[in-house]
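Enquirer: what's the 3D shape of this:
(one chain, ligands or ions: 1)
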Amino acid sequence: MTVILKAKPVIESLTTSLTADAAHVTATLGRKPHLTVVLVGDDPASAIYVRNKQRRAEEVGVQSETIRLNADVSQAEVVAKVQQLNADPAVDGIIVQLPLPNQIDADVIINTIADAKDVDGFTLAATGRLWTLPKNSQATVGPCTPLGIMALLDYYGIDVAGKNAVIVGRSNIVGKPMAAMLLNRGATVTIAHSQTTDLKAATQTADIIVAATGRRNLITADMVKPGATIIDVGMNRYVDAAGKKHLTGDVDYANVAPIAGAITPVPGGVGPMTVNMLLKQTIAAAARTAAE
Ligand SMILES: Nc1nc(=O)c2c([nH]1)NC[C@@H]1CN(c3ccc(C(=O)N[C@@H](CCC(=O)O)C(=O)O)cc3)C=[N+]21
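Expert: Okay, the predicted model is just below:
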């Protein structure tokens, strides 16, 4: 029987600790942990993320605020906004939603975020810290999506040590940090991408596939070794022939699920885990301020 790696029970088990940690910080600081999200223009995946963050933040006792900027805002204006948030003692965590419009250099914006407030784990400092963790470290630092995937694997008792992990996608948000985390925990890691000449040959050897490309149905049943663990990070929206809207991942779920050992659903798999890791890191940032 295929194990469906649903986020729901993991999140339920996290609620107690997130709520208690947030309450503890609130008592010490005299205010709730505070997350500020900067959203420039309108990207559909970002809109889903913003909505779900807001809802979950309220549930666990985090104050979440979204600053919306026009799609034609200048880079200097976004830098100035981030600097203002860096200097604001009432803000514990800052995230600038990606992607950003073309006139803005995302690297410049991300690296303007103060290290202590970088709850996305995207800055150069956070990246260096992730890639230099001691071998087999259980430390949880880094970007929220791969952190959430590790938490999901741990909850369902899927050990990665010695496994062949094939990640499809080489983004700074998912593919690359996912490789660092799996490698750190003892997996043998391959990062495949759009220029990989034989993707199927790579995925067929995988005990664990992490698909993070944004291409619907990229991973088909013939690419999957029976019993493999399938992690679907895709967040693709499409409208079917009958005009019905769907949210779907990068995996041909209907045909892959029957042969997989375990598989994440979309929605209800990786996405909600990302949201919870973001709140966890926000509470941790506030707790560091409280301890000062
Ligand atoms: N700086 C930055 N950091 C990010 O981590 C980041 C970003 N920018 N930009 C956008 C992408 C996308 N992303 C999502 C996270 C969770 C869901 C999520 O909660 N998904 C639900 C959707 C359910 C629904 O509401 O339909 C699920 O999969 O079940 C979606 C999308 C984070 N991203």
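Enquirer: hey, let's count contacts and neighbours off CA atoms from now on
Expert: Fine.
Enquirer: Need the residue closest to the centroid of this structure.
Expert: Thr145 (1.6 Å; Cα atoms, centre = their mean).
Enquirer: separation between it and Ala151?
Expert: Noted for Thr145: a distance of 10 Å to Ala151, by Cα to Cα, to the nearest Å.
Enquirer: Equivalent analysis for Asn255, please.
Expert: Here Asn255 is placed at a distance of 26 Å from Ala151 (Cα to Cα).
Enquirer: what touches both of Thr145 and Ala151?
Expert: Met273 (Cα atoms under 8 Å, 6 or more residues apart in numbering).
Enquirer: Touching the strand or helix carrying Leu183 from outside, list them.
Expert: Element membership for Leu183 (DSSP states H and E) is helix 175-184. Contact with helix 175-184 is made by 127, 130-131, 133-137, 142-143, 146-147, 150, 160, 165, 167-170, 188-191, 212, as judged by Cα under 8 Å, 6+ apart.
Enquirer: so how far is Leu98 from Asp42?
Expert: Relative to Leu98, and taking Cα to Cα, Asp42 is found at 10 Å.
Enquirer: same question, Ala27
Expert: Taken as Cα to Cα, the span from Ala27 to Leu98 is 33 Å.
Enquirer: quick one on the thing from earlier: name the next helix or strand downstream of the helix holding Leu183, please.
Expert: Counting by DSSP H and E, the next helix or strand C-terminal to helix 175-184 is strand 188-192.
Enquirer: quick one: that next one to helix 175-184, angle?
Expert: Using axes from the mean of the first three to the mean of the last three Cα atoms, to 10 degrees, one finds that strand 188-192 and helix 175-184 are set 170 degrees apart in direction.
Enquirer: what's the burial count for the spatially closest residue to Val239 that is not a sequence neighbour?
Expert: Leaving aside its chain neighbours, Val239 sits nearest to Lys245 (4.4 Å; criterion: Cα to Cα, 6 or more residues apart in numbering). Per other Cα atoms under 10 Å, the neighbour tally for Lys245 reads 11.
Enquirer: Lys245 contacts Tyr238, doesn't it?
Expert: Yes - here Lys245 reaches Tyr238: they are 5.8 Å apart, a contact under Cα atoms under 8 Å.
Enquirer: Quick check: residues of the stretch 1-150 of the chain near the ligand?
Expert: Applying Cα under 6 Å from any ligand atom, we find that the stretch 1-150 of the chain lies next to the ligand at Ala45, Ser46, Ile48, Tyr49, Asn52, Ile95, Val96, Gln97, Leu98, Asp120.
Enquirer: Sorry, wrong one. I was asking about the stretch 151-292 of the chain.
Expert: Counting by Cα under 6 Å from any ligand atom, the stretch 151-292 of the chain sits next to the ligand at Val266, Pro267, Gly268, Gly269, Val270, Gly271, Pro272, Thr274, Val275.
Enquirer: Is it correct that Asn217 is in contact with Asp250?
Expert: Yes - using Cα under 8 Å, Asn217 is in contact with Asp250, at 5.1 Å.
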